[in-house]
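Student: This is a predicted model, with the sequence first.
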Amino acid sequence: MDISLNIPVLFGFLKVSIAVYGVNPSIDSPVTNVTALEGNTVTLPCVVKYLGEFKVVWISPSSVALTLDDRSITDDARYLVERPFSQEWNLNIMNVTHQDAGQYRCQVNTVPVTSKTVNLAVLVPAKIIKDISSRDVILKEGETLFLQCNATGFPQPTVKWYKLQLGQKQDIHRSGDVLIIPNVTRQTAGTYECVAYNGKSDSKKTRVIVQFAPKVSLLSKRIGQNVGKETILDCKITANPPSDMYWLKGNTNLDTPNKGKYQMRLYGSNIDNTVKTLSLAISDLQKDDFGNYTCYARNSLGKDFDTVLVYDYAIHFTTPASIDTSQTNLQINHSKATGLSADVSKGNHYMMTSSILLLYITMVFIIF
C-alpha cells in the first residue's frame, strides 16, 4: 500500500512521496570535493540508491534549483544531468567559470530531505594582463628601473623574475608583481621575463635598454712601423645610443680626405650593437704620417676620445743586447780605471814612506 503526500516545494515542481517499502533512499557520501579548470566541463557526482518514486534535484550555491530528475529547469544551458548508470544523477557544468565555484547540493525529497554536498573549486589559470603590465623600457645609467607584471588567477599566482642571457633563463632571485632595480648600469640592459604560476603558468618578456655616454678604448697607445709599410689602428667604442665615430690626425678628420691613404671600417661585436670597432688602415707610411692619431666618439649623452702614437720603427728600435754590452764595458772600464788609480796611489804612498825612513836613519847616524 502506497501513501502519498502532496506538498508544494521547489516552486511547485516536486511532489513529496513516501513509499513504504521498508528501505529509504540513500546517497553515496555526504560531502565530495571537486576541482575543475576554468573553461572545462566538470562533473559533480551523485549516486542515489533505492530511489523508488522519489525525485532528485540539484541546487546551486545561490539556492536555485537547476535540475529535476534528468531535466534542466534553468535557462542556463550549461547545466545537464548525466546518467551513465541507473543510480547515478551526475550534474555536468560545461565551460565552467570561477563564478560557478561554491557548494552544490544533490537532494532527494524524502522527509527529512536526503542531501549530499559537492564543493566545487574552479582553478583559474595564471594569466598576465599585458595591457597593464610593463612594455619595453628605455632609461639612462643611474636611473631606477621599475617593471610591473600584473597577474590574475585563482588561487592567486606567484610571480618570479628572470633575465635571459644568451637564450638561457637566469633566475635573478626576485619575486612579486613589481621589479625594482635602482642605479642601473649598462650591464642591467637586456630582456627580462616575469613568470606567473598557480599550477598553470603564463609569462611575459620585457626589453630593457640602458643609454650611456661613449667609452673609447685602444688596444695599444704606441705602434711602431717602417716607412712604406701599412699599419692598422683599432678603436673599441661602447655607446648607446649609437655615436658619431671618426679618426683624427691633429685636427684633421680622416674620414673624407685622401681615400687612397686612409680606409675606415666599422665592425659590430655584440648582440645589442652597443660595442663597435672602428678600424683605420694607413697605407704606404711616410715620414709625415708618423705622429698622434685620435679616436673620437660622441652621442647625445657625452663624448670620449683616446690617442695612439704611430712612430718610425727604424729610428726608435734599439737592441737590448747592445745596451747591456755597452753598460757592461762601461762598468769594466770604470773598474779598471779605479783599480789603476788605487795601485798608483798605493805605490806613491810606499815610496814616500821609504824616503822619510831613510832620512831619519841618516840623521841619527850623524848625531852619534
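Tutor: Yep, that arrived. Numbering: from 1, shown residues only.
Student: Show me what residue 207 is bridged to.
Tutor: Applying DSSP bridges to residue 207 gives these bridge partners: residue 191.
Student: For it, give me its contacts.
Tutor: Going by C-beta atoms under 8 Å, 6 or more residues apart in numbering, residue 207 touches 136-137, 190-192. (C-beta placed from N, C-alpha, C; glycine too.)
Student: and those residues as JSON lines, adding distance to residue 278?
Tutor: Formatted as JSON lines, those follow (distance: C-beta to C-beta, whole Å):
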{"residue": "136", "distance to residue 278": "28"}
{"residue": "137", "distance to residue 278": "29"}
{"residue": "190", "distance to residue 278": "25"}
{"residue": "191", "distance to residue 278": "28"}
{"residue": "192", "distance to residue 278": "31"}
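Student: so which of these comes closest to residue 236?
Tutor: Residue 236 lies nearest to residue 190 out of the contacts of residue 207, by C-beta to C-beta, at 20.4 Å.
Student: Tell me who's in contact with the closest one.
Tutor: The contact partners of residue 190, taken as C-beta under 8 Å, 6+ apart, are 163-165, 207-208, 272.
Student: One more pass at 7 Å, please.
Tutor: Residues near residue 190 by C-beta atoms under 7 Å, 6 or more residues apart in numbering: 163-164, 208.
Student: With respect to residue 71, which of the residues you listed is nearest?
Tutor: Closest approach to residue 71 among those (C-beta to C-beta): residue 164, at 55.8 Å.
Student: Now find how far off-centre stretch 262-281 is within its chain.
Tutor: Relative to its chain's centre, stretch 262-281 lies at 26 Å (C-alpha atoms, centre = their mean, to the nearest Å).
Student: what about the closest residue to residue 284 other than its chain neighbours, how many neighbours?
Tutor: Counting by C-beta to C-beta, 6 or more residues apart in numbering, residue 284 lies nearest to residue 228, which is 6.1 Å off, once chain neighbours are set aside. Other residues lying near residue 228 total 9 when counted by other C-beta atoms under 10 Å.
Student: before we move on, the earlier item: got a winner among the contacts of residue 207 for most neighbours?
Tutor: The most crowded member of those, judged by other C-beta under 10 Å, is residue 192 (23 neighbours).
Student: Hmm, that residue is touching residue 206, no?
Tutor: Yes: using C-beta atoms under 7 Å, residue 192 makes contact with residue 206 at a distance of 5.1 Å.
Student: And the pLDDT for the residue positioned nearest the centre of the chain?
Tutor: With the centre of the chain defined as its mean C-alpha position, the nearest residue by C-alpha atoms, centre = their mean is residue 163, 1.6 Å away. At residue 163, the model reports a pLDDT of 96.
Student: One more: residue 273?
Tutor: 83.
Student: For it, which residues are in contact?
Tutor: No contacts exist for residue 273 under C-beta under 7 Å, 6+ apart.
Student: Sheet partners, orientation included, of the helix or strand hosting residue 247?
Tutor: Following DSSP states H and E, one finds residue 247 within strand 244-249. With DSSP bridges as the test, strand 244-249 is paired with strand 252-253 (antiparallel), strand 291-299 (antiparallel).
Student: picking that back up, quickly find the element holding the residue nearest to residue 284.
Tutor: Using DSSP H and E, residue 228 falls outside every helix and strand.
Student: measure it to residue 287 for me?
Tutor: 11 Å (C-beta to C-beta, to the nearest Å).
Student: Please apply the same query to residue 198.
Tutor: 76 Å.
Student: which one of those two has more residues nearby?
Tutor: Between residue 198 and residue 287, counting by other C-beta under 10 Å, residue 198 is the more crowded of the two (19 against 9).
Student: give the contact list for that one.
Tutor: By C-beta under 7 Å, 6+ apart, the contact list for residue 198 reads 126, 153, 155-157.
Student: Recalculate using a threshold of 10 Å.
Tutor: 123-127, 151-158 (C-beta atoms under 10 Å, 6 or more residues apart in numbering).
Student: now swap in residue 184 and tell me
Tutor: Residue 184 touches 137, 139-145, 208, 210, 212, counting by C-beta under 10 Å, 6+ apart.
Student: So which of the strands paired with strand 244-249 is nearest residue 68?
Tutor: Among these, the nearest to residue 68 by C-beta to C-beta is strand 291-299 (76.8 Å).
Student: thinking again about what came up before, of the contacts of residue 198, which is the nearest to residue 252?
Tutor: With C-beta to C-beta as the yardstick, the closest approach to residue 252 among these comes from residue 151, at 59.1 Å.
Student: Give me the phi and psi for the residue nearest to the closest one when sequence neighbours are not counted.
Tutor: Among residues not flanking residue 151 along the chain, residue 196 sits closest, at 3.6 Å (C-beta to C-beta, 6+ apart). Note on residue 196: backbone dihedrals following degrees, to the nearest 10 are phi -100, psi 140.
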